[in-house]
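Asker: Sharing a model prediction with you, sequence too.
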Amino acid sequence: MTDITALPGGKSPWQSAARFGLYTLLLIFAAYYILPLIVVLSTSMKDLDEIRNGTLLSLPAEINFDAWGYAWNEACIGVSCTGLKPYFWNSVAMTIPAVTISTLLGALTGFSLTKFKFKGANLIFAMILFGCFIPFQVVLLPMAQSLGFLGVANTVPGLVLVHIVYGLPFTVLFFRNYYVNIPDDLIKAATIDGAGFFMIFWRIMLPLSPPIIVVTVIWQFTQIWNDFLFGASFTTGGGQPVTVALNNLVNTTTGVKQYNVDMAAALITAAPTLAVYVLAGRYFVRGLTAGSVKG
Amino acid sequence: MASLSIQNVKKSYGSVEVLKGIDLDLENGEFLVLLGPSGCGKSTLLNMIAGLDTITDGEILIDQTVVNDVHPKDRDIAMVFQSYALYPNMSVARNIGFGLEMRKVTKEERERRVDEAARMLQIDHLSDRKPAQLSGGQRQRVAMGRALVRDPEIFLFDEPLSNLDAKLRVEMRTEIKKLHQRLGTTMVYVTHDQIEAMTLASRIAILKEGEVQQFASPQEVYEKPANMYVAGFVGSPPMNFVPAAVVSENGKLGVSIERTANGSRGSVFLALPEDRQDISEWVGRDVILGIRPETLTHCSDSEMSLNNRLQAFDCQVEVLEPTGADTLTYIELGGREVIARVNPYNTTEPGETMAFMVDMGKASLFDPKTELRI
């Protein structure tokens, strides 16, 4: 692609001024978005005295991770003072299987909906898609009944099940739309070569899928990790995910309000999703636009 | 090697009939080309032979065995696709060997056969590359290697050359022909390119709207087209169709054609050769005379005296299109534009009248109503 700024006659004073204005505006917006994070981060490193006496925007006098340790190990969630640690591991135990299983099932379903077309495949896809538009709140009561019936109410596996069911419409949508652009001739060739359904899926389709797998994993990971409603509705006490625990930690009002601990706890809770974005974010954009341009 | 028999095969999608009863019989080692415009059902038929599409009615037999309900992988066929359909994630060697791998051929045996196939197609130096790193012609070769390595009973080709540029297409066409001569395997080849069909086939089946128009050797298709559709589809430039009337003159049957010569309109009589005098029931009726451009050329007295099938007439020239070897000379006969192939040194200026001769022994007559050959 040609660099349009490098074309001859493309550097008048007006254009330079416009460019300066553009960058200024972008900087203002960037600051607007980053500032809350800076405040949270710096507050989490201050001690309570500094918070009380200093201003909101001032940087901590010294880097001090006491609040982080306290939030992780000792902070009181409701009546039990265990810190966020057990709840964090609850979230990990919930998110990893839920993301893995829903992604895999989405890939398999997307594969059969596009490459092993059966009568009514499009209708079934439309119905699955419908699941994307059902608000969380609508399914709370029936889901609670189902969990009770299955005997997994108030457990992490119960939450895993809920998130798999709720994630499937999205994962199926992603994979189906990705696979629909993979030529059918590949499947025909593999069929003649003697590969069956799972062999084709495993040897041909999955190796072509990394871009969409990354998109799906990021999407599912943030959805499931950040979920509050299902966690708050279907679990109590020790089985809660970290998002619910964070809420309880912040809302536990005994003694002095420890802002630095609240901020540290919030950052701990948000860290995994941030990490996923930082590690895989560029694949995310690439995956979302994959197939839109040929080549 | 295997024989292939297609018996009254039909295919419908809902109420739409795509194939309306196809009958084709193929001997061991034959090269069948399914020729037709897009949408005529030729690729559907190929997919049905491969087992990738179900058969609505009729039977397909490979080596006298009905294969209607046999899975593609058990039919002992190999297919080359228009899009090549190479597995993008696998190297060239893995691509070629995938079919063997699925059939649990041992690693040593697999390597030996992949190597052999790659060498035959001169792609052995590309073994470790991915398909994305190959040119169109190389991809085509890998696709053929994948078919070749399996040593199948029947090769199926689905417009394999249509994604290549013109020069490469001609080269690969020759390669495929050599391959067939070398292996002697039965091949079925789908194309819409009549030159590919003519050069490759031992027999051509011309399809139109789900029906076989003619099933014969290339030469017969060219010289004795079964109907006007076939006549117009095969040959470049296509056959000329001239409205004519069958008349009897001096005891000989022939056709009378309207044309303009030296500024005046009149009809000319072209006698039919001895062996075509058996159409007395057509006297006084209209027919369509089909003339290949190369059988219509400038009049040469020496040739006329040697071949009594040649008939001479004069006609006004309208347009000249030099192609180097020949000049395509456009004239008007019976109200239709007609192309003659004339030696570049024997043409006249447009608007002038020149003498032509036509080989009536190679002319075809068609019934204007049914469009069938008479």
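Answerer: Noted; the coordinates are in hand. Just so it is clear, the model here is predicted, and its values are computed rather than measured. Numbers count the residues shown, from 1 in each chain, chains lettered A, B, ... in the order given.
Asker: Which of the helices or strands spans the closest residue in space to A:Ala190 that isn't next to it in sequence?
Answerer: The shortest distance from A:Ala190 to any non-neighbouring residue, by C-beta to C-beta, 6 or more residues apart in numbering or on different chains, is to A:Ile200 (4.8 Å). Yep, even glycine has a C-beta here, placed from its N, CA and C like the rest. According to DSSP states H and E, A:Ile200 maps onto helix A:197-200.
Asker: Output that helix as PDB, nothing but the C-alphas.
Answerer: C-alpha atoms of helix A:197-200 as PDB (Å, rounded to 0.1, in the frame of the first residue of the first chain):
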ATOM      1  CA  PHE A 197     -15.700 -36.700  10.300                       C
ATOM      2  CA  PHE A 198     -13.400 -36.400  13.200                       C
ATOM      3  CA  MET A 199     -10.200 -37.000  11.200                       C
ATOM      4  CA  ILE A 200     -11.100 -34.100   8.900                       C
END
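Asker: Buried residues of that helix, list them for me.
Answerer: A:Met199, A:Ile200 (16 or more other C-beta atoms under 10 Å in any protein chain shown).
Asker: Kindly report the same for stretch B:57-75.
Answerer: Neighbour counts over stretch B:57-75 (16+ other C-beta under 10 Å) mark B:Gly58, B:Ile60, B:Leu61, B:Ile62, B:Val67, B:Pro72, B:Lys73, B:Arg75 as buried.
Asker: Could you do stretch B:120-133 as well?
Answerer: For stretch B:120-133, the neighbour count (16+ other C-beta under 10 Å) marks B:Met120, B:Leu121, B:Ile123, B:Asp124, B:Leu126, B:Ser127, B:Arg129, B:Lys130, B:Pro131 as buried.
Asker: ok so, going back, mind listing which of the buried residues of stretch B:57-75 are in helices?
Answerer: Assignment to helices by DSSP state H places none of these there.
Asker: and the residues you listed, which two are the farthest apart?
Answerer: B:Gly58 and B:Lys73 (22.3 Å; C-beta to C-beta).
Asker: Residue numbers of the stretch 101-250 of chain A in contact with chain B?
Answerer: Proximity of the stretch 101-250 of chain A to chain B (C-beta under 8 Å from any C-beta of the partner chain) is limited to residues A:183, A:185-186, A:188-195, A:199, A:203-204, A:207-208.
Asker: The stretch 51-200 of chain A: helices as residue ranges?
Answerer: A:66-73, A:85-115, A:121-130, A:136-150, A:156-179, A:184-193, A:197-200 (DSSP state H, counting those that start in this stretch).
Asker: chain center to the helix holding A:Ile200: distance?
Answerer: Put simply, helix A:197-200 sits 30 Å off its chain's centre (C-alpha atoms, centre = their mean, to the nearest Å).
Asker: Identify the residues contacting that helix?
Answerer: By C-beta atoms under 8 Å, 6 or more residues apart in numbering or on different chains, the surrounding residues in contact with helix A:197-200 are A:Ser112, A:Lys115, A:Phe116, A:Ile187, A:Ala190, A:Thr191, B:Met102.
Asker: ditto for stretch B:314-331
Answerer: Applying C-beta under 8 Å, 6+ apart, the set of residues contacting stretch B:314-331 is B:237, B:259-263, B:268, B:293-294, B:299, B:332-333, B:337-344, B:347-356.
Asker: are any of those residues buried, and which?
Answerer: The buried subset of these (16+ other C-beta under 10 Å) comprises B:259-261, B:268, B:293, B:299, B:332-333, B:338-342, B:347, B:353-354, B:356.
Asker: Identify those among those that sit within strands.
Answerer: B:259-261, B:268, B:332-333, B:338-342, B:353-354, B:356 (DSSP state E).
Asker: Throw these into CSV and include pLDDT, thanks.
Answerer: Listed next are these as CSV, based on pLDDT from 0 to 100:
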residue, pLDDT
B:Arg259, 91
B:Thr260, 89
B:Ala261, 86
B:Val268, 91
B:Glu332, 93
B:Leu333, 93
B:Val338, 94
B:Ile339, 95
B:Ala340, 94
B:Arg341, 94
B:Val342, 93
B:Thr353, 92
B:Met354, 92
B:Phe356, 93
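Asker: between those, which is closest to A:Thr171?
Answerer: Among these, and counting by C-beta to C-beta, the member closest to A:Thr171 is B:Ile339, at 61.3 Å.
Asker: Show the contacting residues for that closest one.
Answerer: B:Ile339 sits next to B:Pro237, B:Asn240, B:Pro293, B:Leu296, B:Leu328, B:Thr329, B:Tyr330 when contact means C-beta under 8 Å, 6+ apart.
Asker: do you know how far it is from B:Pro293?
Answerer: B:Ile339 is 5 Å from B:Pro293, where distance means C-beta to C-beta, to the nearest Å.
Asker: Could you pull out the residues contacting both of those two?
Answerer: Common contacts of B:Ile339 and B:Pro293 (C-beta under 8 Å, 6+ apart): B:Pro237, B:Asn240, B:Leu328.
Asker: Which of those residues fall in helices?
Answerer: Using DSSP H, none of these sit in helices.
Asker: which of those has the weakest pLDDT?
Answerer: In terms of pLDDT, the weakest of these is B:Pro237, which scores 89.
Asker: hmm, back to that, make CSV out of the helices of the stretch 51-200 of chain A and add mean pLDDT.
Answerer: Formatted as CSV, the helices of the stretch 51-200 of chain A follow (pLDDT from 0 to 100):
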stretch, mean pLDDT
helix A:66-73, 88
helix A:85-115, 94
helix A:121-130, 90
helix A:136-150, 90
helix A:156-179, 93
helix A:184-193, 92
helix A:197-200, 94
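Asker: mind checking the SS state of B:Tyr189?
Answerer: The three-state assignment at B:Tyr189 reads strand, by DSSP: H, G, I helix; E, B strand; the rest coil.
Asker: nearest to chain A, of the buried residues of stretch B:57-75?
Answerer: For the buried residues of stretch B:57-75, the closest approach to chain A (C-beta to the nearest C-beta) belongs to B:Lys73, at 4.0 Å.
Asker: What is the burial count for the closest residue to the closest one other than its chain neighbours?
Answerer: Nearest residue to B:Lys73, sequence neighbours excluded (C-beta to C-beta, 6+ apart): A:Gly194, at 4.0 Å. A:Gly194 has 19 neighbours, counted by other C-beta atoms under 10 Å in any protein chain shown.
Asker: cool, and A:Leu35?
Answerer: Around A:Leu35 there are 11 other residues, counting by other C-beta under 10 Å.
Asker: Could you measure from the closest residue in space to A:Lys46 that isn't next to it in sequence over to A:Ile268?
Answerer: Counting by C-beta to C-beta, 6+ apart, A:Lys46 lies nearest to A:Pro60, which is 4.5 Å off, once chain neighbours are set aside. Per C-beta to C-beta, A:Pro60 is found 17 Å from A:Ile268.
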